[in-house]
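A.B. asks: Pasting the sequence and the predicted coordinates here, then a few questions.
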Amino acid sequence: MNDYIAAIDQGTTSSRCIIFDHGGRVVGSGQREHEQIFPRAGWVEHDAETLWRNTSDVIGDALERTGLDSSDIAAVGITNQRETTVVWDRSTGKPIHNAIVWQDTRTDLVCTELAGDVGVDRYKAKTGLPLSTYFAGPKVRWILDNVDGARSMAEAGDLCFGTVDSWVLWNLTGGSHITDVTNASRTMLMDLRTLDWDRDICADFDIPMSMLPEIRSSSEVYGEVASGPLAGVPIAGVLGDQQAATFGQACLSPGEAKNTYGTGNFLLLNTGTDPVSSEHGLLTTVCYRIGSAAAVYALEGAVAVTGSLVQWLRDNLGVISSADEIETLAATVDDNGGAYFVPAFSGLFAPRWRSDARGVIAGLTRFVNKGHLARAALEATAFQTREVIEAMRADSGVELKTLKVDGGMVVNEMLMQFQSDILDVPVIRPVVSETTALGAAYAAGLAVGFWAGEDDIRRNWAEDKRWQPQMDSARREYLYRKWNKAVERTYDWST
């Protein structure tokens, strides 16, 4: 009885439910992909009702495959694609527009307007974030300005806004409008120090505060599942996906960092209970808050396009037929053939923050073939990670000794070796690579006493494989210099 924790992981490309035992090992799972909707260049949407339907379905799939039922599950945790924005009718529970995904760039003009003469750092002291199309607040503003009737409904108190965690919680509980501090910190509407919505910023964004969910900690009982196969099970943990991966990697002390290789790449460094302001293009964010304990903060480097570049090669160009073919194709050549792939499809995120940038492939000659392009695509992930780590070192003064990695791309041995080479530090993959879902499970389990405390989480972490750097320093610096030259070619493309 109650021997397991269920984690819902509603991600950018799929919804999953993963069931964990007390040792943090995967017992079983269910997964369903959803459509990526591209109405026009730079716009990325999801059907929010499909997100919920798939989430509900994968819960049933995971229980069926494991032979478990609600009596076996002690609690449910939720982790989610952050910044992706849903606005729905409070009375009907129906979205008034497709979810606007974190990668979407349609709010560029909104951000420029809000920046005014002050610039993109206008709200950084309070929120830890630069004005960018990345974050949820400008997306809400766009919906209110562009969906017929939305503003009048919002001003009448008839609309709810939420990042995807709130949308899932609303549906699981039958109407509770809640978010946690980690997701709230990605809206540009929350004060990092008070951990509450900032009235002045909401007024500047012209967003009625009645739309906003209640902000709670990352680990507490928010309510029970109202119906379905997990009916009656407490929902007790919520973390944005990258904070969840940090928690799942047991980066629980200041100075510990992880890098997640997913649709994008996200490097988080635990900075303790004081928010550290970045001077080198990183984000200051809430890492987690356990119950009534003090919030823990992080510096974050967010890279928009890494795994989704592999998806682009598959879906848009047909260079590969499945994502796992990228490594085999890249292994047909010894190097990148002089080609560098900068996937600035949504502009450049950390540490450059150039919304005017667009993707380029530089250094092309007749010698370059699809193997070189595959290799250049993988190397782009590692180069972008080095940029973020150098910014993190400059902000924190912490010299990286090792890099803990997780996410779907860490099964790619070639990428992990190149990452170690270009960083000149060991790269370590844990036994349980599903650290995002595991972090949500830990948050939920701590809230109901399934795990006694953070020491249980540390004991569960175990190393699976370690890559050591093998590249000489001259080669390393040559490649990185060429990469930076290629990145500069992406600037000033979109005006």
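C.D. replies: Happy to help now that I have it.
A.B. asks: Look up the closest residue to Glu279, ignoring the ones flanking it.
C.D. replies: Leaving out its chain neighbours, the residue that sits closest to Glu279 by C-beta to C-beta, 6 or more residues apart in numbering is Asp395, at 6.2 Å. Where C-beta positions appear, they are placed from N, C-alpha and C, glycine not excepted.
A.B. asks: secondary structure class for that neighbour?
C.D. replies: For Asp395, the assignment made with DSSP: H, G, I helix; E, B strand; the rest coil gives helix.
A.B. asks: distance of it from Leu423?
C.D. replies: Remark: distance between Asp395 and Leu423 (C-beta to C-beta, to the nearest Å) = 17 Å.
A.B. asks: if we can go back for a sec, quick one: the residue nearest to Glu279 and Thr271 touch, right?
C.D. replies: No. Because the distance of 9.1 Å does not satisfy C-beta atoms under 8 Å, Asp395 is recorded as not touching Thr271.
A.B. asks: between those two, what contacts are shared?
C.D. replies: Common contacts of Asp395 and Thr271, defined by C-beta atoms under 8 Å, 6 or more residues apart in numbering, comprise Leu299.
A.B. asks: which residues of the stretch 201-350 of the chain fall in strands?
C.D. replies: Taking DSSP state E, counting those that start in this stretch, the strands of the stretch 201-350 of the chain run over residues 214-216, 219-224, 234-240, 257-261, 265-272, 283-288, 296-303, 340-342.
A.B. asks: chain center to stretch 181-200: distance?
C.D. replies: The gap between where stretch 181-200 is centred and where its chain is centred comes out at 17 Å by C-alpha atoms, centre = their mean, to the nearest Å.
A.B. asks: brain fart, stretch 21-37
C.D. replies: Using C-alpha atoms, centre = their mean, the distance between the centre of stretch 21-37 and that of its chain works out at 16 Å.
A.B. asks: go on, stretch 454-469?
C.D. replies: On the basis of C-alpha atoms, centre = their mean, stretch 454-469 is displaced by 21 Å from the centre of the chain it belongs to.
A.B. asks: For that stretch, buried residues please.
C.D. replies: 456-457, 460-461, 467, 469 (16 or more other C-beta atoms under 10 Å).
A.B. asks: Which members of these occur in strands, if any?
C.D. replies: Filtering those for membership in strands, criterion DSSP state E, returns Trp467.
A.B. asks: okay, the buried residues of stretch 454-469 in a markdown table with distance to Ser292 and pLDDT next?
C.D. replies: As requested, those are exported to a markdown table (distance: C-beta to C-beta, whole Å; pLDDT from 0 to 100):
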| residue | distance to Ser292 | pLDDT |
| --- | --- | --- |
| Asp456 | 19 | 91 |
| Ile457 | 19 | 90 |
| Asn460 | 24 | 89 |
| Trp461 | 25 | 87 |
| Trp467 | 40 | 96 |
| Pro469 | 43 | 96 |
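A.B. asks: Out of the buried residues of stretch 454-469, list just those in helices.
C.D. replies: Among those, the members falling in helices (DSSP state H) are 456-457, 460.
A.B. asks: what's the average pLDDT for stretch 277-288?
C.D. replies: Stretch 277-288 comes out with an average pLDDT of 91.
A.B. asks: Can you verify Leu479 is assigned to a helix?
C.D. replies: Yes. Checked against three-state DSSP, Leu479 lies within a helix.
A.B. asks: Where does pLDDT dip in the stretch 1-150 of the chain?
C.D. replies: By pLDDT under 70, the weakly predicted segments of the stretch 1-150 of the chain are 1.
A.B. asks: what about Trp102, which helix or strand?
C.D. replies: Using DSSP states H and E, Trp102 sits within no helix or strand.
A.B. asks: what sits against it?
C.D. replies: With C-beta under 8 Å, 6+ apart as the criterion, the residues that contact Trp102 are 12, 81-84, 134.
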